[in-house]
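*Asks:* kindly return the folded structure for what I paste below:
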Amino acid sequence: MSLGISVNEAALPHVEELCVRADELGVLVEEVGGATLIDAGLEAAGGYQAGVIITRICLGGLGDAGLTYMPVRGLALPAVWVSTDQPALACLASQLAGWRINVDGYTAIGSGPARALAKKPKKLYQRLGYEDQAEIAIIVLESQKKPTASVLSFIAEACGVDVVNLYAVLVPTNSLAGLVQISGRVVETGIHKLETLGLDPARVRQGFGVAPIAPLHPSPEVCMGRSNDAILYGGTTHYVVSGDEELEDLVNKAPSTTSRDYGRPFIEIYEAAGRDFYKIDPGLFAPAQITVTSAETGKVYLAGGVNEEVLLRSFGLSK
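*Replies:* The predicted model follows:
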């Protein structure tokens, strides 16, 4: 895997765009303990456009995203599309929400390019054979609280950068920008599922996906449930993969439809599991539909499908 690409440096222009267009995009930019904090939904309004740019940041600058719509039973649901020609780096080395931050009572899910500097989780970067040696770090924090100077100092230290070179983007779950960037993880969710099933991510050449954007709700838990459902029941992905070995079997096992917990809105599954994520079948966390094309043979493998009934029920749109 190419070591000449820095996901932090590649994402920096998108961070700068957020800062330059702050008023237009409805984000707040401030200095906290020397670091640059960009609030896209806590005290700030945020919105669709901010969510798209944050999705590009999460992808480490190695992918693109935009707004579209998804027809579901006569409704035109807002949706986000994502594409990348560097799926392993963009999705796994950067976008994956793989850093659980818990410092001084502050908790957040960390994603984005900074993970590659801190190597969170380390085993994943060993499998990818990738490291980033940038002098800047960019992290996206999904949290309902503003990070303190000590939290940002902890993140900078873990990344091996000076705190003045740390950029932190804050996107609460119950914010529109937050909901956009969560749906923007549809390609990552699929490649991560395929990787856990045994596919070498280096074989994935291109990735494309579409997922509806969940309706905004003041409750973080409701938004958590809806945003999961957007991918689990409404997300569709397409990948171009090298070789043809075991592709049919992998694709058949990959969609969320194969999970024992499939078939109800996520919030109901979460409650039934005693609000314990570890009691939920990990196989559930996948797009609703996965399509893979073999670059060598041209064979196309398809499994799963959009579940309009559960999706509309989750979004409060069922009649």
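
*Asks:* do a quick rundown of the helices in the stretch 201-319 of the chain.
*Replies:* In the stretch 201-319 of the chain, the segments counted as helices under DSSP state H, counting those that start in this stretch are 220-232, 247-253, 266-272, 308-314.

*Asks:* what's the second one in contact with?
*Replies:* When you say that, I think you mean helix 247-253. Helix 247-253 has contacts (C-beta atoms under 8 Å, 6 or more residues apart in numbering) with 194, 197-199, 241, 258, 290-292, 294, 299, 301-303. C-beta coordinates here come from the backbone N, C-alpha and C atoms, glycine included.

*Asks:* one more time with 7 Å
*Replies:* With contact meaning C-beta atoms under 7 Å, 6 or more residues apart in numbering, helix 247-253 is reached by Leu194, Leu197, Gly198, Leu199, Val241, Ile290, Val292, Ser294, Tyr301, Ala303.

*Asks:* what do you get for the longest one?
*Replies:* With C-beta under 7 Å, 6+ apart as the test, helix 220-232 has contacts from 144, 172-174, 179, 182-183, 185-186, 189, 211-215, 217, 256, 265-267, 270, 284, 287-288, 310-311, 314-315.

*Asks:* go again using 8 Å as the cut-off
*Replies:* 144, 172-174, 178-179, 182-183, 185-186, 189, 211-217, 256, 262, 265-268, 270, 284-288, 310-311, 314-315.

*Asks:* so which of those are in strands?
*Replies:* Ala211, Pro212 (DSSP state E).

*Asks:* which among the contacts of helix 220-232 end up buried?
*Replies:* Taking 16 or more other C-beta atoms under 10 Å as the criterion, what is buried in the contacts of helix 220-232 is 172-174, 178-179, 182-183, 185-186, 189, 211-215, 217, 256, 262, 265-267, 270, 284-288, 310-311, 314-315.

*Asks:* what residue, apart from its backbone neighbours, is nearest Ser259 spatially?
*Replies:* Of all residues not flanking Ser259 in the chain, Leu284 sits nearest, at 3.8 Å (C-beta to C-beta, 6 or more residues apart in numbering).

*Asks:* and the one you found, how far from Val32?
*Replies:* As judged by C-beta to C-beta, to the nearest Å, Leu284 and Val32 stand 36 Å apart.
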